[in-house]
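# Sequence and predicted model, in that order:
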Amino acid sequence: MFQKIQLILLSICVTLKAQSAPIPSEKEFYHSSFPDGFVWSTATSAYQIEGGWNATGKGPSIWDTWSQRGDRTEGGATGNVACDSYHKYQDDITALVDLGVSHYRFSISWSRIMSDGTNRTLSQNGIQYYNSLIDGLIAANITPMVTLYHWDLPQGLQNFGGWENENIIEHFNTYATECYKAFGDRVKLWLTFNEPFVVVWLGYGVGVFAPGIKRPGDGVYIAAHNIIRSHVRAWHTYDDLFRPSQKGNISITLDSDWKEPKDKTTSSINAAERAMQFKLGWFANPIFGDGDYPAIMKDKVNSRSTAEGLTMSRLPRFTQEQIHKNKGTYDFFGLNHYTTQLIEQKTNPNSEASWDEDQETIESIDLSWPSSGSSWLKVVPWGMRKLLNWIKKNYGNPPLYITENGMSDRNATIQDYHRTFYYRQYINEVLKATKLDGCNIKGYTAWSLMDNFEWASGYAEKFGLHYVNFDDPKRPRMPKLSAFCYKEIIQSNGFPTKNSTPSCSDPVYLPSEKEFIKESFPLDFVWSSATSAYQIEGAWNEDGKGPSIWDTFVHNPPKIANNDTGDIACDSYHKYREDVKLLKNMKVKAYRFSIAWARVLPNGLYDSNNTASWNPKGVEYYNNLIDALLAENIRPQVTLYHWDLPQALEDQGGWLNETTNEAFKTYADFCFKTFGDRVKFWITFNEPWIVAWLGYGNAAFAPGKKGPGTYTYIVGHNLIKAHSKAYHIYTSKYRSSQKGGYMYQYYLHFRLMI
């Protein structure tokens, strides 16, 4: 029956050219093949894989400068070596051949071709590297798809303002011209820019990417304006001077999430459309539309600029001549897509001058959407199809290549079932858009060929079809399950039939809940064991320790079964060496324990001018424990608060009193200063929900205060604020010198508790 219905749908799709065909359920898996000649590709970028950052005359890029500062990327990672593709490009070609792709999208490092960004420093060594890569690809029957700019501006040009200086338009055109001359006899698919939105918003708006400039209200618009003009200039240069002989195609790759209305109200529908125009339309409309910025964008920014007292809009204007030149500067639409958000109207817009605020929208997610290794990337396959249809509707159904699509994780597993599911479901939505909706899609590119340097996330987030061991100087590549999955999809050119047994092409993607998987964890996976101070230390009033709320709670029965107390517990205050011996025998890599706040600061308060405010014996105990762990190559993972607030602070209201937040900050500061030279893994709070609900909600735990509808929210609020204060004191005073981790571990533990 299903096959008959499917055939009927397909016949309607053909008859009506897919414009009014019924849309299958979002959860329905569609079986069919992509058109003959469909392009299958995978992608990388120069800075993320090449390494060789200063090899054979290469100049520094803004990402060299940014990452080498040491505090701008997770773990202080750099792309100095990365996957070492500068030396191992033949290994990359081998992996591509094994995948069976027809195309490979990579980028050229501008500063490898021109060390300072100008043709005064044109490097034949750099040109030779890309010649070797291109020739190797063609010999393997793989078509190169080349991106001219993937975020790594030569530092020499950034020194003169980078994308905020309109002189860069001619510099980019000169660079593009040299690339056309050197490689255009073999390269027939060009992309001028990769994701200009990321360049301008993260690089010139919020400043979390290189070059780290924070001008969210004007710098972003100026940089975007110059990038669009640079694209247009380079496109016309190719069209006028090189296309007649080289016969290639050139365009730009834009990134866009799908913006789904949060509800069916008119305000949410309009807000979602506005968000699409501010994100994708910002760059797409000048090139694929009428040559100018979207009307709603011009109106919004202009009206807000006027309200700010400005005489001109913060959004630059194109001249009529520029609009004419902008329009139609494409041969195809390059699209990068990963995820979806829910959008609604912002009822009380912020007056701050910022691209983000100019939209007057609120962005959120559906908590049921599966997560990934990136906080921003939720798995929402149906968003892909909706986005493709939006582009078709708004820009006349141009030929379109999906130039990036993929999913991250942080566990680096070879058996990446989550990624195979992502690829199958997203590619199936592309198939629906192609066959059922008539979208003019020419190819699909999986991001990425291999794990690589993932910008601000360093090497923690991994998108690769191939695992790369970054601890091995040889940087070996190993295919993951997703590589075999993608290979099968390529060989089948889609999902032609429903197989009788589960395979990559089948929508069944996870092993049975009862199935035992035989596989190893990643090499850097950390095995640990844990305790907490009050539960094991004992010595509740020895050597100057002050009482905690749990001392008070258990000493006032009947609160605990059998009237037990933690007065002695496991006596680890005296027997910590035996604990370390147990850990050594277990062969764990780390040990998570907590510090008893009242053992180091008996009254809970620290005064740097009063040595009597801290307890030397308590500090000595934790110093001895930490040193003993490190002597056995066991890393300490230290929790600052595991429920045992000093009673002196509880007498002043405890976590109901906002001043406890400041007390926690000074306590954390004391611990960072005292132990942070050896402790590199900190957790602020253990299970704050327990503290707020059991301690101050239903009063089952210390301090036994009952306020389920009042106290528990106040306490939760103060715990979050205390965490934030401690996090910022660590970041501002200690992170750069101590190189420890902090915030992520806290939230990871919080999620596991839930």
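Right, received. Where do you want to start?
# ok but Tyr467 is inside a strand, no?
Yes: under DSSP: H, G, I helix; E, B strand; the rest coil, Tyr467 falls within a strand.
# Not counting sequence-adjacent ones, nearest residue to it?
Using Cβ to Cβ, 6 or more residues apart in numbering and skipping residues adjacent in sequence, the residue nearest Tyr467 is Met478, 4.5 Å away. All C-beta spots, glycine's among them, are computed from the backbone N, C-alpha and C.
# Pull up the pairing partners for the helix or strand in which the one you found is found, direction included.
With secondary structure defined by DSSP states H and E, Met478 is part of strand 477-479. Sheet pairing for strand 477-479, assigned by DSSP bridges, gives strand 466-468 (antiparallel).
# Now tell me what touches the strand it pairs with from outside.
With Cβ atoms under 8 Å, 6 or more residues apart in numbering as the test, strand 466-468 has contacts from 83, 95, 412, 414, 449-452, 475-480, 483.
# for Phe193, phi and psi?
phi -130, psi 150 (degrees, to the nearest 10).
# so how far is Lys559 from the residue nearest the centre of the chain?
Nearest to the mean C-alpha position of the chain, counting by Cα atoms, centre = their mean, stands Ser374 at 3.9 Å. Ser374 sits 44 Å away from Lys559, going by Cβ to Cβ, to the nearest Å.
# go on, Met384?
The gap separating Met384 from Lys559 is 56 Å, by Cβ to Cβ.
# of the two, who's got more company?
Between Met384 and Lys559, Met384 has the larger neighbour count (other Cβ atoms under 10 Å), namely 25 against 18.
# thinking again about what came up before, report the buried members of the contacts of strand 466-468.
By neighbour count, with 16 or more other Cβ atoms under 10 Å, the contacts of strand 466-468 hold Cys83, Ala95, Ala412, Leu449, Met450, Asp451, Asn452, Arg475, Arg477, Pro479, Lys480, Ala483 as buried.
# Among these, which one sits closest to Lys298?
Asn452 (37.9 Å; Cβ to Cβ).
# so what's the closest one up against?
Neighbours of Asn452 in contact, by Cβ under 8 Å, 6+ apart: Thr44, Gln48, Ile49, Ala82, Cys83, Tyr459, Phe463, Gly464, Val468.
# Counting only strands, which of these make the cut?
Val468 (DSSP state E).
# Dump the contacts of Asn452 to TSV, plus distance to Gln425 and pLDDT.
Shown next, in TSV, are those (distance: Cβ to Cβ, whole Å; pLDDT from 0 to 100):
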residue	distance to Gln425	pLDDT
Thr44	23	98
Gln48	25	98
Ile49	27	98
Ala82	30	98
Cys83	27	98
Tyr459	27	97
Phe463	16	98
Gly464	19	98
Val468	25	97
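# show me what contacts the residue nearest to the centre of the chain?
Taking Cβ under 8 Å, 6+ apart, one finds Ser408, Ser457, Glu461 in contact with Ser374.
# How many residues are close by the first one?
The reference is to Ser408. A count of nearby residues for Ser408, using other Cβ under 10 Å, gives 25.
# Please tell me how far it sits from Ser351.
For Ser408, the distance to Ser351 - Cβ to Cβ - is 35 Å.
# Next: Asn541.
56 Å.
# between these two, which one's more packed in?
Set Asn541 next to Ser351 and count neighbours by other Cβ under 10 Å: Asn541 wins out with 12 against 9.
# quick one, phi/psi of the residue nearest to the more buried one when sequence neighbours are not counted?
Leaving aside its sequence neighbours, Asn541 sits nearest to Pro547 (Cβ to Cβ, 6+ apart; 7.0 Å). Torsion angles at Pro547 (phi, psi; degrees, to the nearest 10) stand at phi -70, psi 150.
# how deep is Pro547 tucked in, by neighbour count?
Pro547 has 17 neighbours, counted by other Cβ under 10 Å.
# contacting residues around it?
Trp540, Asn541, Ala598, Pro646, Gln647.
# Gly51 versus the closest residue to the last one other than its chain neighbours, what's the distance?
This means Gln647. Of all residues not flanking Gln647 in the chain, Pro547 sits nearest, at 4.4 Å (Cβ to Cβ, 6+ apart). Per Cβ to Cβ, Pro547 is found 57 Å from Gly51.
# now His150
Taken as Cβ to Cβ, the span from His150 to Gly51 is 15 Å.
# ok, now Ser375?
27 Å.
# If you count surrounding residues, which of these two has more?
Each of Ser375 and Gly51 has its neighbours counted (other Cβ under 10 Å); Gly51 has more, 21 against 12.
# can you pull the contacts of the more buried one?
Applying Cβ under 8 Å, 6+ apart to Gly51 gives the contacts Gly79, Asn80, Val81, Ala82, Cys83, Asp84, Ser85, Tyr86, His87.
# what does stretch 182-189 contact?
Outside stretch 182-189, the residues touching it (Cβ under 8 Å, 6+ apart) are 103, 127, 130-131, 134-135, 138, 143-146, 238, 242, 246-250.
# can you map out the strands along the stretch 501-650 of the chain?
528-530, 590-594, 635-641 (DSSP state E, counting those that start in this stretch).
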